[in-house]
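>>> With the input below, show me the fold.
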Amino acid sequence: MSTRFHIAVVLILALALLLPSCKEHVADDPVPGQQPRTYLWLFPDGDVSTGVSRKHLRWWGESPDGLVRGYLFSYTIVTGSVTTLPQPDTLRYTWVTKNDSTLLFPLDTLFRRFAVVVRAVDDGFGGLPEHAIVRMNPAPYWDKNDNGVYDSADENLTSLSAATDPVGAVQTFPIRNTPPAIGLLPNPSDPNAAQRLPDTTFTVVAIGFKGSDPDGDNTLSSYRIALNDTGATTGQWLTVGLRDTILTLVVPRSRSDAAGATVSADVYSGSFLGRRLVGQLTNLRLDDQNVMYIEARDVAGEYSPVLKMPSGTDRWYVRRPRAKILLVNDYTNFDAATARTTYLSSLAAVPGGQYAQVDVLDIGLGLTATDKESGRYGRLVPQFVDPALIQTFMLYDNILWYTDQLPSLGVAQLSVFPYLQNGGRVIFSTMFLNTTDPRGALKDFAPIDSVSSVDLSPTRPVPPPAVAGDSRIPANYVVYADSTNPASIYPQLAFNASPSIHSVFMRPIYRRSDARYLYHLQADTRSPQRYVGAPNIAVIDGQNTIIFVGVPLHVLNNTTLGDPQGLSGFLAKALSQFSPNQRVNRFIF
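Okay, here's the model as predicted:
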């Protein structure tokens, strides 16, 4: 058995003792000058038959001299059944003093035979550091640099041969490869919930998975993924590397706009900023349901059972993106239907008709106020917000995100800023039940320094005195445009004529140093006043890429006291005034 058969792998010498181990065994009637004998036992007890690559072995020695100092342990690949030491003995031994070990035999084929050799050493030899490498040919030596050649770095072991069992315990183990397994990574948004795909997406989806192998995870070699049909040939599969355990499928607009019923998707690995293109998958169905298949492969060429997503009764429907703007609906209040209709009709009324078609993403779908307050994601939010939601945004030139008093700040924090940095443009309309923002999400994407922290809860003292904010704004109150930049004055807005009181959480916002104010609310004419001054409620950043509005825009659709076009007038101005140099950087696709 030549050392060329040796596979450089980590031999698991965990040596986790299930039975008491001994470094020295003392005979009852010592007989000087005789070499020890060695015994090898498979645990649990049984016949040596074809088995898995993980074996628990126990060995022991008996010395007529009375003492066993330690053991020389080795294993190697063989072609047949071996019961004796090789001649000459070219094995690579490891010095151990324990007497059991769990071995993980390295497999790169479906079947191999391994010979295990253990030789007891008595106290005629002084011992070595644990796991020292020993070779017996041409004469015993400590191979300190483990290069298989006796040289100046090594140490001659003159007393070892006489102290060592000349026969040893030799056993051949036939090993059958065990197929790998594959499962989903934990849900990054909620470790207590299973990872799942949104039931509806645009032409972007992300999935996280991880393979394992009873023969050791180091025997995994790759993964492969397919869409809708695993096929009779390998052409349907895309093979990716072991580090590619978070994959995002992306179809660029240039491809989906011109596609028929099916289209090819680019496949990226990793997060949005660290993304790597690893290939392409065919057969993604547009405006239809889809299924994803993933398998792990080991070095022996066996595949895991297929991981199918979605599974069970879940579904995954892929919508073809059609519009230039994406309306992100994060609004779950009682007037949600009215809000949605107002935004859609106002966008459709923008002159030129370029926003008559609007794609909608309902990120608040399925959430209650309690869910939103606890930071849970809606059913249509991809659990890997980064990269899936960012890549979804990148399909559009503009995003109009409207939310209630409990905005999904965690989702916005992960997605809005990367989108802006890559050429996106955003109108963000929200209000604030409170100003609790422990993660600093707002400052990550909004052009504001802070928001008024005044108490607007129902239990706050009744005015007077007036405070910096209010939760009850009268109908027809006017929202005046800032006039500090005469070349870019926005149209006047006003609260709708109905209902008589708008239940909103209006708080003054304070701009970031590079931003400028767009709107302020009229002074409170009620007696007694409920809020002070003329609070600023909207800002735009210095690069003209994001407008942040601190009240719901859909309640500012008054065509009598506001612009004759109502909210549509504001949207037309805002979308036309975004920086002309700001373009979505789609070269990443």
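
>>> For the stretch 201-350 of the chain, which segments count as strands?
Secondary structure of the stretch 201-350 of the chain by DSSP state E, counting those that start in this stretch: the strands cover 204-212, 220-227, 238-240, 246-250, 262-269, 276-285, 288-289, 292-298, 307-309, 317-318, 325-330.

>>> Would you reformat these as JSON lines and include mean pLDDT and distance to residue 94?
Where you see a C-beta, it was placed from the backbone N, CA and C, and this is true even at glycine. Below are the strands of the stretch 201-350 of the chain laid out as JSON lines (pLDDT from 0 to 100; distance: least, C-beta to C-beta, whole Å):
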{"stretch": "strand 204-212", "mean pLDDT": "97", "distance to residue 94": "27"}
{"stretch": "strand 220-227", "mean pLDDT": "96", "distance to residue 94": "26"}
{"stretch": "strand 238-240", "mean pLDDT": "96", "distance to residue 94": "36"}
{"stretch": "strand 246-250", "mean pLDDT": "98", "distance to residue 94": "39"}
{"stretch": "strand 262-269", "mean pLDDT": "97", "distance to residue 94": "38"}
{"stretch": "strand 276-285", "mean pLDDT": "96", "distance to residue 94": "40"}
{"stretch": "strand 288-289", "mean pLDDT": "98", "distance to residue 94": "56"}
{"stretch": "strand 292-298", "mean pLDDT": "95", "distance to residue 94": "26"}
{"stretch": "strand 307-309", "mean pLDDT": "96", "distance to residue 94": "38"}
{"stretch": "strand 317-318", "mean pLDDT": "98", "distance to residue 94": "55"}
{"stretch": "strand 325-330", "mean pLDDT": "98", "distance to residue 94": "61"}
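
>>> In CSV: those, plus distance to residue 160 and mean neighbour count.
As requested, the strands of the stretch 201-350 of the chain are exported to CSV (distance: least, C-beta to C-beta, whole Å; neighbours: other C-beta atoms under 10 Å):
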stretch, distance to residue 160, mean neighbour count
strand 204-212, 41, 21
strand 220-227, 39, 21
strand 238-240, 49, 18
strand 246-250, 52, 25
strand 262-269, 51, 20
strand 276-285, 52, 16
strand 288-289, 70, 14
strand 292-298, 39, 23
strand 307-309, 52, 17
strand 317-318, 69, 19
strand 325-330, 74, 23
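
>>> Could you list every helix and strand in contact with the host helix or strand of residue 95?
Secondary structure assigned from DSSP states H and E places residue 95 in strand 92-96. Contact partners of strand 92-96 among helices and strands, from 3 or more C-beta pairs under 8 Å, 6 or more residues apart in numbering; DSSP states H and E: strand 68-78, strand 133-135.

>>> Quick one: mean pLDDT for the first one?
The average of the pLDDT scores along strand 68-78 is 94.

>>> now stretch 153-173
Mean pLDDT, stretch 153-173: 94.

>>> And stretch 337-353, by the same measure?
Taken as a whole, stretch 337-353 has an average pLDDT of 97.

>>> Could you measure from residue 186 over to residue 474?
For residue 186, the distance to residue 474 under the criterion C-beta to C-beta, to the nearest Å works out to 49 Å.

>>> picking up where we left off before, let's have the strands of the stretch 201-350 of the chain in a markdown table, adding distance to residue 520.
A markdown table is the format used below for those (distance: least, C-beta to C-beta, whole Å):
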| stretch | distance to residue 520 |
| --- | --- |
| strand 204-212 | 38 |
| strand 220-227 | 52 |
| strand 238-240 | 53 |
| strand 246-250 | 41 |
| strand 262-269 | 44 |
| strand 276-285 | 47 |
| strand 288-289 | 49 |
| strand 292-298 | 50 |
| strand 307-309 | 49 |
| strand 317-318 | 44 |
| strand 325-330 | 25 |
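
>>> among these, which is nearest residue 340?
Across the strands of the stretch 201-350 of the chain, residue 340 has its closest neighbour in strand 325-330 (6.2 Å, C-beta to C-beta).

>>> Within its sheet, name the partner strands of the closest one and how each one runs.
strand 359-362 (parallel), strand 398-403 (parallel) (DSSP bridges).

>>> So what's the gap between the strand holding residue 95 and the chain middle?
Averaged C-alpha coordinates place strand 92-96 at 42 Å from its chain's average position (C-alpha atoms, centre = their mean, to the nearest Å).

>>> May I ask you to confirm that residue 81 is in contact with residue 171?
No - taking contacts as C-beta atoms under 8 Å, residue 81 lies outside contact range of residue 171: 9.4 Å.
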